[in-house]
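Chemist: please find the sequence and the predicted model below.
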Amino acid sequence: MRVAKSISDIDGFATRMIDLEEEAYKQFAQIFCPRLRAFFIRRGLTEMDAEDLAGSCVTDIALKVRKYRQVTEGGFRGWVFTLARHTLADWRQRHQPTEELPDDVAAPLDDDQASVNLTIVLAVEEALSEFSELDRSLLLLRNLQEKGTYAAFGELHGMSEGAIRVRHFRAKKQLKAILEKDPRLKDYLSKIERSEKK
C-alpha cells in the first residue's frame, strides 16, 4: 500500500483522487480525518461535533477535489484546511445559540464610538484583503481570533515553527504599516499615541 509521507505525496492525493484511485480516497480519509477532528476541537467544538464535522468535511472535500488547483503556498493540505475553515464558519452560523436579552442589558455604544469601531473593523478587513491566504490566516489566528500556537500552525501548513514566527512578524509589521497609512484611522491612532505618552 502506498502511504503519503511527504508534502509532495500529500499534494499527489488530488491527482490520484481525480483519477478515482480508491486507495487514495482511503489514505486521504485516514490522514486527514483525525487532523480535521483535532482542528475542530482546538476551535471549541465538542469531540462528537468535531468527529461529525471532520467526517462530513472529508466527504465534501473528496467530492470537490476536481476543483483543486495546485498553488505554490500551502498546496493540497492548505486547500483542505481552507475548506475546513469555511465548513466550520458555516457550521457555527447554523448552530449559533439564541437567547432572549435580559431587561437590564447595557446601553449600546454612542454613535461616535460605534462609528469608530466600524471604521476600525472596515480598515482592518480591507488591509487583510491585501495579504495571501496563509498570512491572513496567520494574522487572524495569532492576533484577531483565538491564540493558536506557531508550532500547530506550522504543522498545519508544512512549515517549521521558526519560519512561521518570521512570517508572522513580517505580516504584522506590514499590517501595521498599512493601517498607519489609512486616513480613516489617523485621528484614532494619534489619540492612542497621545495616551501612551502620558
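Modeler: Sure, I can see it.
Chemist: and the residue most central in space within the chain, what helix or strand is that in?
Modeler: When C-alpha atoms, centre = their mean is applied to the chain, the residue found nearest the centroid is residue 137 (4.2 Å). Following DSSP states H and E, the helix or strand that holds residue 137 is helix 133-139.
Chemist: count of residues packed around the nearest residue to residue 126 once chain neighbours are set aside?
Modeler: Spatial nearest neighbour of residue 126, excluding adjacent residues (C-beta to C-beta, 6 or more residues apart in numbering): residue 182 at 8.0 Å. Placement of C-beta: from N, CA and C, glycine included. Residues contacting residue 182 under the criterion other C-beta atoms under 10 Å number 17.
Chemist: quick one: contacts for residue 182?
Modeler: 123, 126, 127 (C-beta atoms under 8 Å, 6 or more residues apart in numbering).
Chemist: just those residues now: which is nearest residue 40?
Modeler: Nearest to residue 40, judged by C-beta to C-beta, of those is residue 127 at 28.1 Å.
Chemist: end to end, how far does stretch 134-149 reach?
Modeler: Stretch 134-149 has an end-to-end distance of 15 Å (criterion: C-alpha to C-alpha, to the nearest Å).
Chemist: for the record, mean pLDDT for it?
Modeler: Averaged over stretch 134-149, pLDDT sits at 70.
Chemist: and what of stretch 95-114?
Modeler: Rounded mean pLDDT across stretch 95-114 is 58.
Chemist: any idea how the protein splits into domains?
Modeler: 7-94, 111-189 (automatic domain parsing).
Chemist: lowest mean pLDDT across the ones you listed, which one is that?
Modeler: Among these, domain 111-189 scores lowest, at a mean of 76.
Chemist: of the contacts of residue 182, select the buried ones using a PyMOL command.
Modeler: In PyMOL, this line selects whichever of the contacts of residue 182 come out buried by 16 or more other C-beta atoms under 10 Å:
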select buried, resi 123+127
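Chemist: show me which positions of the following helix or strand past the helix holding residue 137 end up buried.
Modeler: Using DSSP H and E, the helix or strand that follows helix 133-139 towards the C-terminus is helix 150-157. Neighbour-count burial for helix 150-157 flags 150, 153, 154, 156, 157 (criterion: 16+ other C-beta under 10 Å).
Chemist: now do the helices in this protein.
Modeler: Assigned by DSSP state H, the helices in the chain fall at 7-18, 22-42, 47-64, 75-94, 111-128, 133-139, 150-157, 161-181, 186-197.
Chemist: CA atoms of the second one as CSV?
Modeler: Yep, that's helix 22-42 we're talking about. Output in CSV follows, covering the C-alpha atoms of helix 22-42 (Å, rounded to 0.1, in the frame of the first residue of the first chain):
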residue,chain,number,x,y,z
GLU,A,22,-9.7,4.1,-4.4
GLU,A,23,-6.6,3.7,-2.3
ALA,A,24,-6.1,7.5,-2.5
TYR,A,25,-9.5,8.1,-1.0
LYS,A,26,-8.9,5.7,1.8
GLN,A,27,-5.5,7.3,2.6
PHE,A,28,-6.9,10.8,2.4
ALA,A,29,-9.6,9.9,5.0
GLN,A,30,-7.0,8.1,7.2
ILE,A,31,-4.6,11.0,7.2
PHE,A,32,-7.0,14.0,7.2
CYS,A,33,-10.0,12.9,9.3
PRO,A,34,-8.1,12.8,12.6
ARG,A,35,-6.3,16.1,11.7
LEU,A,36,-9.5,17.8,10.9
ARG,A,37,-11.1,16.4,14.0
ALA,A,38,-8.3,17.9,16.1
PHE,A,39,-8.5,21.2,14.2
PHE,A,40,-12.2,21.5,15.0
ILE,A,41,-11.7,20.5,18.7
ARG,A,42,-9.0,23.2,19.0
